[in-house]
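# Please find the sequence and the predicted model below.
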Amino acid sequence: MVNVTFWGVRGSTPCPCDANKRYGGNTACVSVQAPGQDPILFDLGTGLRFFGESLGADEVFHGISLVTHLHWDHVQGLPFFTPINRPGASLTICGRHDEGTLADAFADFMRPPYFPVRPQDLCGEITFRDTDDETFKFGRARITAANVPHTGATNGYRVELDGFTVAYISDHQQPTDSDVIEPSVLALCEGADLVIHDAQYEPHEFAMKSDWGHCTVEYAVRVAAEAGAKRLALFHHDPSHGDDVIDRLLVDARGFAEGTSVTEVIAAAEGTTVSLNLAAASA
């Protein structure tokens, strides 16, 4: 069984409030876990703190984080990830950076006066792996990284583990001058058991922010359907969208998915776990 758990589902900025209690207000962080396999994390947003709290106090953490890009909402949880501040812990951080190395980027924003602790000050070992278009192994997992259109250097990821495939496309610029979906995105999502995809905007919002690096719910469904994916999780919710708005967008998305390969659409919510197992695969 492969368990995919959402710890942070927002884009742009943390926004916890009464209006979004059900879906949550922390920024992007998703875990992929399976028995006998070190954890795989998508992004290091503020949801990372809650993933850390889910681990045992005496557990020595070893894992990998697949960071899509270096915007604050995808990295600002690292300083608050308690398990990496324990002796013997280790974390490999993968990502794409077009203005230097990944290690340099983290050293720039995690230092005084912005934060009192530097990555090298933590008790655990953090290793940075600059990752462009490539495929590599982590334990039993086969991980593929590829460029995704956004507003700067951005990766999407495909994780194949124990016979299941999870694709993670957290930030995706919907084209305004073409109907063609980026081939790299379709390749990452091809036949996936679960696609986690940017679904930040309603159509009227996209009309005003068409070059801000995101897409509509309808486009997210289209990506999953054209890739022949089975399940879709709407992700990177706009900070202005309360639970009622996301509920409505979910209804719309399920309508768009009718008659396609996408048999289930959910809206990602903090604390939700999607379990991929043989029973679900044969359903």
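Cool, got the structure.
# Now the phi/psi pair for C29, please.
phi -160, psi 130 (degrees, to the nearest 10).
# Give me the pLDDT for it.
Here, the pLDDT recorded for C29 equals 98.
# residues near the closest residue in space to it that isn't next to it in sequence, how many?
Once flanking residues are discounted, C29 sits nearest to G47: 3.4 Å by CB to CB, 6 or more residues apart in numbering. Heads up, the C-betas are built off the backbone N, CA and C, glycines and all. A total of 28 residues lie near G47 under the criterion other CB atoms under 10 Å.
# likewise the one 3 residues further on?
Counted by other CB under 10 Å, the residues lying close to F50 total 19.
# I'd guessed it sits against E270; true?
Yes: if you go by CB atoms under 8 Å, F50 and E270 touch, sitting 7.3 Å apart.
# before we move on, the earlier item: need the phi and psi values for the residue nearest to C29.
According to degrees, to the nearest 10, G47 has phi -60, psi -20.
# Provide a list of residues in contact with the spatially most central residue of the chain.
Most central in the chain under CA atoms, centre = their mean is F42, positioned 4.5 Å from the mean C-alpha point. Residues in contact with F42, defined by CB atoms under 8 Å, 6 or more residues apart in numbering, are 28-32, 65-66, 68, 157, 168, 170, 196.
# Please indicate which of those are buried?
28-32, 65-66, 68, 157, 168, 170, 196 (16 or more other CB atoms under 10 Å).
# Could you save those residues as JSON lines and add columns showing secondary structure and distance to I246?
As requested, those are exported to JSON lines (DSSP: H, G, I helix; E, B strand; the rest coil; distance: CB to CB, whole Å):
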{"residue": "A28", "secondary structure": "coil", "distance to I246": "15"}
{"residue": "C29", "secondary structure": "strand", "distance to I246": "18"}
{"residue": "V30", "secondary structure": "strand", "distance to I246": "17"}
{"residue": "S31", "secondary structure": "strand", "distance to I246": "21"}
{"residue": "V32", "secondary structure": "strand", "distance to I246": "23"}
{"residue": "S65", "secondary structure": "strand", "distance to I246": "26"}
{"residue": "L66", "secondary structure": "strand", "distance to I246": "25"}
{"residue": "T68", "secondary structure": "coil", "distance to I246": "21"}
{"residue": "Y157", "secondary structure": "strand", "distance to I246": "24"}
{"residue": "Y168", "secondary structure": "strand", "distance to I246": "19"}
{"residue": "S170", "secondary structure": "coil", "distance to I246": "16"}
{"residue": "I196", "secondary structure": "strand", "distance to I246": "15"}
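# how about these in TSV, adding distance to R142?
Listed next are these as TSV, based on distance: CB to CB, whole Å:
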residue	distance to R142
A28	22
C29	22
V30	18
S31	18
V32	12
S65	17
L66	13
T68	18
Y157	11
Y168	14
S170	20
I196	17
